[in-house]
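S.K.: sequence-free structure coming up:
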């Protein structure tokens, strides 16, 4: 069934420049007088070394009980959405919280203005423009309001929140970033006045140079690190079983033992002491599970992967266990009040079988957790097959858990997923474009290709390999040229679109060498070769850092991975955001995410973000990171959207009033969208069928409906008034602005507009 | 349109419409309903007149229950040990009133047994028909010929306790001249379940409320042909059975499977659940999956005293009117999925499905 809707929203005039309502230059007496600026513990700061020598004000509470603030009178639109934009120096080193409060008797808390996880000097040498919508409920019918920027939320509404709010840190008296200018305006697009200074345009730094003290080759350094980890692993105490902070590392080390035993260059190849240690360690874990009544869940505090790690440790050394006939030996398990003697084979089989049966009952619905649990289930089944247990699933059956978590089979770990699959509207853990459904983009938990690579290795499944290639292809869109704090050229991820932990800037991310060795595709090879070209391996010391995510198996494998790819010819692939890449558009309509590269402009956006509706209904917050060489814009905006009427809605209370959020039409056979528990709902209840964004010179249209589903629809993207010419960025072809553009299901267009 | 042509079209349409009842295993019916299968099997069974449906005993040890005397395996036996307070007995229920002239008993041990045989001509009457002494040898079975033919619902074999014999019992019992050992459910089907139930019984006019009885289930009905959907080792889901049935447009239609159920647990618990999927229509109609809406059972014994060897069950799927729309027939699929959450592979063959019916209400009973 197809529908064609003509979107009549947003026929606003072409706006090349936002209508600026208020302009406050902090630290400038005349400007502050005009906007009635009053400050408390927000002294004027000036430094020739920062912000190009411009004055600003920084909120610095004197004590933890104090609130530093800047109050000003803002002009707002009585009828339209008003936005506030802060001008912030990208070389800032303090990022304490800043909240927006309505400075009247109500003291309404309007939310946090900077909720990103931010490191020092996120955008050195240039300004950042941070734009957010002011809740329209407080501006309707008014032409001015008094606003206050302060370091703590309003005490009258301590628990109130705004869009995407992240609780403030525990030390609220941290100094904020310095504020240089504050604006209000009526478009999410904000064009700074020409009079405003900008920093020097971004230039990619030099690669990391090879240190003076460094082995002759990268390979030698990797071997050096691996040998250090092997020594560490073999000296560690793995013959114990504990639950708590340490058990994860114990089990990681235990699993690595088998890899060391089987690696010819490890120096401990077929070392007879290793299997004995592993056997003793597994025995201890099996014994502890029995002594706790046989409940696998309590053994490792409901851990996702713990039993799977033990299974991996066993599987890597199964041949030794069989050859030495250890499996036929009897062991006595001390179940409470009833010791039971049985063969080691049966004891291990019961251990893994019981753990599998427990763990499969809760496999999660977020991608990272689902993948880790699926990997654990797969490993336990592999161990059961090696043990010859009649309860073991076959290899193809075990793979289903992996396929489900990797987005190759409908997600059925939650009620919403089961119902969706029954309705021919299956939910997948990974979108068709290759992004994890968990985070909405490729940041933090969304950088999930490493675990997929492990699964490719462990399962040998070509479908998983293809899926991993697709996922890495999607993640590779989220690689932007940046400079490290030391000034070296790097690729960074994009964290501003994240639903659960927005970050600005995101971490240095390649995910190349291991991926290239396993996935054997041009995208991963390009990432690997850039990682090497940028000199990142020269930063590796002789000993790994051994942080929380450290795994000695990774250190070992990296040697072989590097050997495999180091002499490969250059990949012909270019990442979409590389400087010499052509203009391009990429989108994931299932998540409302888009990205495009147009000349020296790189844009990441999401129509669907962490607003209060939280996927249970169509939200009212979109996010853009708009990157140009001389400035970054971090923008939250109100998306225009269109969806057939469903008659379904949610009412959510805000400090400034109650908002109604509509839900999308129900899939066939549904009687209602599942709304709880909030972490296990189908976010497509809140994915509008069509989104439109007019931002600066760009017009973005996205049809999120999927062909072959009950949503399948076609939409028409209308141009703003006054546009005389337009170019499709993906094709470079001109588009007639006199006629709306037809967007089929699952189609996104980004147009460059001209007057 | 001319009238004769209209009649011709109408006749053709009527002739093409398949029956609302699909009889599985019947080639003509399967052809008419365009049945296509993958990983299914055709099953059938004809149960002998003296099929034993349940067995109970005066006493037993856990490792040698009365059911072992009917499992077709002479290496297992029904055993009693120690010194019982009364003669030991084993009682066998038949699936119908049956004529009997002889039985064969393979006694346990080499000491002779003084035994009695009772018939049960009605539900609450036990009547002695024969008594004697066994030959006292364990090597082979012993034929016991009754003085005259009897018609009975059950049979009891009783023997006096031999105080000098710590282990007494019976290896196997065979009624009439039925082939040994295949004539009894546990021997005929490897996957036949034995359900232990407690039920009231009368012993010497005394009503004992909770006496364990070993109730033999049989995996296929008596007579008829059916299909079972099988699990697969190479996949998570099991086999499939595609078919076309007529439906009534714009109405809620019910698809009912008539299955022979022999297990006490639900299908989802056993891991052999089947679901119904739609194979045609637009995006709102195709690839929809329906789990059983309800399952009903047919209990043929109104008295409630006769243990059931199995039962007819009816698995009902509801197809809503908005899905049916203007369809006059619907292409559908039965798929073996194991359980409702579909988080574990199909583990066991589905119950045998005898018919699939399309109607405006659940069919059965």
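M.R.: Looks like it came in fine. This structure is a prediction, so every number in the text was calculated from the model and none was measured. Numbering: from 1, shown residues only, chains lettered A, B, ... in the order given.

S.K.: what distance do you get for residue B:107 to residue B:356?
M.R.: According to CB to CB, to the nearest Å, residue B:107 stands 49 Å off from residue B:356. From N, CA and C alone the C-beta is placed, and that goes for glycine too.

S.K.: which one's more surrounded, these two?
M.R.: Between residue B:107 and residue B:356, counted using other CB atoms under 10 Å in any protein chain shown, residue B:356 has the larger neighbour count: 28 against 25.

S.K.: now that one. Nearest residue, chain neighbours left out?
M.R.: Leaving aside its sequence neighbours, residue B:356 sits nearest to residue B:22 (CB to CB, 6 or more residues apart in numbering or on different chains; 4.3 Å).

S.K.: do I have it right that the one you found meets residue B:28?
M.R.: No - contact between residue B:22 and residue B:28 fails when scored by CB atoms under 8 Å: they sit 10.8 Å apart.

S.K.: show me which of these two is the more surrounded one.
M.R.: residue B:22 (26 against 8).

S.K.: am I right that the more buried one is in a helix?
M.R.: No - counting by DSSP: H, G, I helix; E, B strand; the rest coil, residue B:22 falls outside a helix, being strand.

S.K.: distance of it from residue B:243?
M.R.: Note on residue B:22: its distance to residue B:243, by CB to CB, is 6 Å.

S.K.: separation between residue A:591 and residue A:132?
M.R.: Noted for residue A:591: a distance of 22 Å to residue A:132, by CB to CB.

S.K.: which positions in the stretch 401-550 of chain A make contact with chain B?
M.R.: A:412, A:413, A:418, A:421, A:422, A:423, A:424 (CB under 8 Å from any CB of the partner chain).

S.K.: now do 7 Å
M.R.: Counting by CB under 7 Å from any CB of the partner chain, the residues of the stretch 401-550 of chain A close to chain B are A:412, A:418, A:421, A:422, A:423, A:424.

S.K.: can you measure across stretch A:603-616, start residue to end residue?
M.R.: Terminal residues of stretch A:603-616 are spaced 27 Å apart (CA to CA, to the nearest Å).

S.K.: equivalent analysis for stretch B:276-295, please.
M.R.: Start to finish, the residues bounding stretch B:276-295 are 14 Å apart (CA to CA).

S.K.: before we move on, what about stretch A:293-310?
M.R.: This stretch, stretch A:293-310, spans 19 Å end to end (CA to CA).

S.K.: quick one: contacts of it?
M.R.: Stretch A:293-310 is contacted from outside by A:243, A:247, A:251-252, A:254-255, A:282, A:285, A:288-289, A:292, A:335-336, A:352, A:354-355, A:358-359, A:369, A:372-373, A:375-376, A:379-380, using CB atoms under 7 Å, 6 or more residues apart in numbering or on different chains.

S.K.: residue A:88 - nearest residue in space that isn't next to it in sequence?
M.R.: Nearest residue to residue A:88, sequence neighbours excluded (CB to CB, 6+ apart): residue A:128, at 4.8 Å.

S.K.: please name every helix or strand in contact with whichever strand or helix holds that neighbour.
M.R.: Element membership for residue A:128 (DSSP states H and E) is strand A:127-133. Under the contact definition 3 or more CB pairs under 7 Å, 6 or more residues apart in numbering or on different chains; DSSP states H and E, strand A:127-133 sits against strand A:83-89, strand A:631-637.

S.K.: now the first one: mean pLDDT?
M.R.: Regarding strand A:83-89, the rounded mean pLDDT is 97.

S.K.: so for the helix or strand that it is followed by, mean pLDDT?
M.R.: Using DSSP H and E, the helix or strand that directly follows strand A:83-89 along the chain is strand A:99-102. On average, the pLDDT along strand A:99-102 is 93.

S.K.: just checking: what are the partner strands of strand A:99-102?
M.R.: Strand A:99-102 sits in its sheet next to strand A:109-112 (antiparallel), strand A:144-150 (antiparallel), going by DSSP bridges.

S.K.: so what's the residue count around residue 32?
M.R.: As the question left the chain open, I've gone with chain A. Other residues near residue A:32 number 19, with proximity taken as other CB under 10 Å.

S.K.: actually it's chain B I care about, not the one you picked
M.R.: Neighbour count for residue B:32, taken as other CB under 10 Å: 17.

S.K.: ok, the closest residue to it other than its chain neighbours - contacts?
M.R.: Excluding the flanking residues, the one nearest residue B:32 by CB to CB, 6+ apart is residue B:18, at 4.7 Å. Contact analysis of residue B:18 by CB under 7 Å, 6+ apart lists B:32, B:33, B:244, B:245, B:246.

S.K.: now do the SS call for the residue nearest to the third one when sequence neighbours are not counted.
M.R.: Of all residues beyond its chain neighbours, the one nearest residue B:244 is residue B:34 (4.7 Å), with distances taken as CB to CB, 6+ apart. Under the three-state scheme (three-state DSSP), residue B:34 adopts coil.

S.K.: I appreciate the help and will end here.
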